[in-house]
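Engineer: mind looking at a prediction? Sequence and model below.
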Amino acid sequence: MYGNDFAASGGELLDQVADAERELRAAADRSVRGGSDEETYFTELVAADQKIEPRDWMPDGYRKTLIRQIAQHAHSEIIGMQPEANWLTRAPTLKRKAILLAKVQDEAGHGLYLYAAAETLGVSRDTLYDLLLAGRQKYSSIFNYPTLSWADVGAIGWLVDGAAIVNQVPLCRCSYGPYARAMIRICKEESFHQRQGYEILYTLAHGTPGQKEMAQDAVDRWWYPSLAMFGPPDTDSTHSAQSMAWKIKRFSNDDLRQRFVDMCAQQATVLGLTIPDPDLRWNPDRGAYDYTAPDYAELMEVIRGNGPCNRARMANRRAAHEDGAWVREAAAAYAAKHAAPAAPTAEAVHA
Ligand code: BYC
């Protein structure tokens with residue numbers, strides 16, 4: 001769900017959003033423009049491929065860009081639990097169910113690493129949740145497509161996690177230390193996720209004709225949305241140039257998309273499945289595969305909140321958030337109890 005595709009429910013949510021936006025502005029203000037020494041030091045650190053750490057001076061724009069991207073990434077991880085969780089109760093065997101359960105739990109963990117990385121920039125997790133729930137921050141377009149068969153779990157692992165790895169391995173070298181370090185752990189787990197998807201598809205593709213058909217149908221539906229995950233083409237990407245100059249992003253959207261196509265073209269032949277692009281072919285002059293670009297108008301529609309599952313995903317997220325209120329309250333009460341000075345013991349009182 002993006003943009004304003006639902007009405008905020010009552011004044012309370014609007015108040016929370018106003019608070020959240022104030023906190024974001026305050027976080028940006030905290031990076032008061034440094035003297036030239038600080039700015040030079042920042043530029044030199046980035047140029048030398050060193051890491052910027054939370055207490056270092058950083059430009060406002062750098063902080064804001066990181067908060068935007070890391071928050072969006074964290075939201076994608078937790079919303080991304082939904083399409084696959086949909087198949088937990090229908091996994092074909094106990095073993096498949098256990099593996100999928102572990103994978104979906106990993107996504108929750110990735111969200112937590114990323115929210116923690118965003119918090120180092122001076123914005124709280126509560127604020128970020130509020131902004132997501134109010135539709136003021138985005139999550140990845142890919143999670144607004146439905147999972148119609150068990151093979152979709154395989155296609156998500158192979159294609160969506162595959163795209164995530166191609167996009168995220170370079171982020172391990174991001175100039176901001178806490179984000180780069182979170183990405184190292186995440187990429188290790190994504191690699192297992194991709195293999196489990198590939199193995200599901202391989203098994204189906206080498207099973208009965210009906211199973212192979214199901215696997216091909218899933219790949220047909222997930223291919224172009226996976227290509228679109230890399231974002232708009234470079235010519236339309238508003239943030240790439242600055243993010244690459246700051247070494248937050250290390251490659252452009254189109255460069256990563258090409259890398260993904262080249263990787264999948266070869267893996268598809270081993271799977272025995274066809275990538276649904278009649279124009280996919282090796283171009284010896286470019287040393288890369290030519291391919292048909294995804295429908296970027298569709299990507300923009302999904303980003304605006306009009307994909308097949310945007311509303312359902314956000315309704316589930318809001319319900320989960322409300323259902324979990326008692327856990328957050330209990331955790332806060334527990335933390336407050338332990339932060340309070342210990343009550344005097346009976347011996348201390350009578351001494
Ligand atoms: N969906 O200037 P651009 C996962 C927005 S998690 C929605 O190129 P940027 C996984 C973009 O935000 C997958 N919005 O932006 C999890 C910007 O709008 P704003 C998520 C998109 O930031 C669980 C506008 O379009 N991965 O894989 O330089 C289970 C212009 O774009 C999308 C990450 O978040 C999109 N696909 O580049 C399994 C990785 N694309 O913010 C798997 C980290 C673009 O100005 N993020 N937009 O309103 C990134 O690498 C970059 O943020 C992106 C976009 C490449 C996604």
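Structural biologist: Yep, it's here. Numbering: from 1, shown residues only.

Engineer: check which residues of the helix or strand containing Ala319 are buried.
Structural biologist: Ala319 is located in helix 310-323, with elements delineated by DSSP states H and E. Of the residues in helix 310-323, Asn310, Arg313, Met314, Asn316, Arg317, Arg318 count as buried by neighbour count, 16 or more other C-beta atoms under 10 Å. (Glycine included, C-beta is placed from N, CA and C.)

Engineer: show the pLDDT at the first one.
Structural biologist: In this case it means Asn310. As predicted, Asn310 sits at a pLDDT of 97.

Engineer: so it sits against Asn144, correct?
Structural biologist: Yes: applying C-beta atoms under 8 Å as the test, Asn310 and Asn144 come out as touching, 4.8 Å apart.

Engineer: common neighbours of those two, please.
Structural biologist: Val302 (C-beta atoms under 8 Å, 6 or more residues apart in numbering).

Engineer: need the residues of the stretch 151-300 of the chain near the ligand, please.
Structural biologist: Applying C-beta under 6 Å from any ligand atom, we find that the stretch 151-300 of the chain lies next to the ligand at 160-161, 164, 167-168, 228-232, 237-240, 243, 249, 253.

Engineer: if we go to 8 Å?
Structural biologist: By C-beta under 8 Å from any ligand atom, the residues of the stretch 151-300 of the chain that approach the ligand are 156, 160-161, 163-164, 167-168, 171, 190, 193, 228-232, 236-240, 243, 249, 253, 256, 299.

Engineer: from Asp255, how far off is Asn283?
Structural biologist: As judged by C-beta to C-beta, to the nearest Å, Asn283 and Asp255 stand 15 Å apart.

Engineer: okay, the two: which has more neighbours?
Structural biologist: Set Asn283 next to Asp255 and count neighbours by other C-beta atoms under 10 Å: Asp255 wins out with 16 against 10.

Engineer: packing partners for whichever strand or helix holds that one?
Structural biologist: Per DSSP H and E: Asp255 is located in helix 253-271. In terms of contacts (3 or more C-beta pairs under 8 Å, 6 or more residues apart in numbering; DSSP states H and E), helix 253-271 is packed against helix 161-168, helix 177-205, helix 209-228, strand 288-290.

Engineer: same thing but 10 Å
Structural biologist: helix 161-168, helix 177-205, helix 209-228, helix 240-245, strand 281-283, strand 288-290 (3 or more C-beta pairs under 10 Å, 6 or more residues apart in numbering; DSSP states H and E).

Engineer: what's the most buried one of the ones you listed?
Structural biologist: helix 161-168 (a mean of 23; mean count of other C-beta atoms under 10 Å).

Engineer: tell me the mean pLDDT for it?
Structural biologist: Averaging pLDDT along helix 161-168 yields 97.

Engineer: in stretch 56-75, what's buried?
Structural biologist: Across stretch 56-75, burial judged by 16+ other C-beta under 10 Å covers 56-59, 62-75.

Engineer: again, but for stretch 96-104
Structural biologist: Within stretch 96-104, the residues scored as buried using 16+ other C-beta under 10 Å are Arg96, Ile99, Leu100, Lys103, Val104.

Engineer: which two from those end up farthest apart in space?
Structural biologist: Arg96 and Val104 (12.4 Å; C-beta to C-beta).

Engineer: spell out, range by range, the helices that occur in the stretch 1-150 of the chain.
Structural biologist: Secondary structure of the stretch 1-150 of the chain by DSSP state H, counting those that start in this stretch: the helices cover 10-30, 36-47, 60-79, 81-85, 94-119, 125-133, 150-155.

Engineer: any idea how far Pro225 is from Gly305?
Structural biologist: Distance from Gly305 to Pro225, by C-beta to C-beta: 16 Å.

Engineer: using TSV, lay out the helices and strands packed on helix 253-271 together with distance to Thr274.
Structural biologist: Below are the helices and strands packed on helix 253-271 laid out as TSV (distance: least, C-beta to C-beta, whole Å):
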stretch	distance to Thr274
helix 161-168	16
helix 177-205	10
helix 209-228	7
helix 240-245	31
strand 281-283	13
strand 288-290	14
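
Engineer: Cys264 is nearest to which of those?
Structural biologist: Nearest to Cys264, of the helices and strands packed on helix 253-271 and by C-beta to C-beta, is helix 161-168 at 6.6 Å.

Engineer: quick one, which of the helices of the stretch 1-150 of the chain is packed in tightest?
Structural biologist: Highest mean neighbour count of the helices of the stretch 1-150 of the chain: helix 150-155, a mean of 26 (counted as mean count of other C-beta under 10 Å).

Engineer: how far does it sit from the chain's center?
Structural biologist: 19 Å (C-alpha atoms, centre = their mean, to the nearest Å).

Engineer: for that helix, packing partners?
Structural biologist: Applying 3+ C-beta pairs under 10 Å, 6+ apart, we find helix 150-155 packed against helix 81-85, helix 94-119, helix 177-205, helix 209-228.

Engineer: export it as CSV, just CAs?
Structural biologist: Presented in CSV, the C-alpha positions along helix 150-155 are these (Å, rounded to 0.1, in the frame of the first residue of the first chain):
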residue,chain,number,x,y,z
TRP,A,150,2.7,-24.1,-4.0
ALA,A,151,5.1,-23.5,-6.9
ASP,A,152,4.9,-19.8,-6.2
VAL,A,153,6.8,-20.5,-3.0
GLY,A,154,9.6,-21.9,-5.2
ALA,A,155,9.4,-19.0,-7.7
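
Engineer: average pLDDT across that helix?
Structural biologist: In this model, helix 150-155 has a mean pLDDT of 98.

Engineer: got it, and stretch 126-136?
Structural biologist: Here the average pLDDT along stretch 126-136 is 96.

Engineer: fine, thanks again, bye for now.
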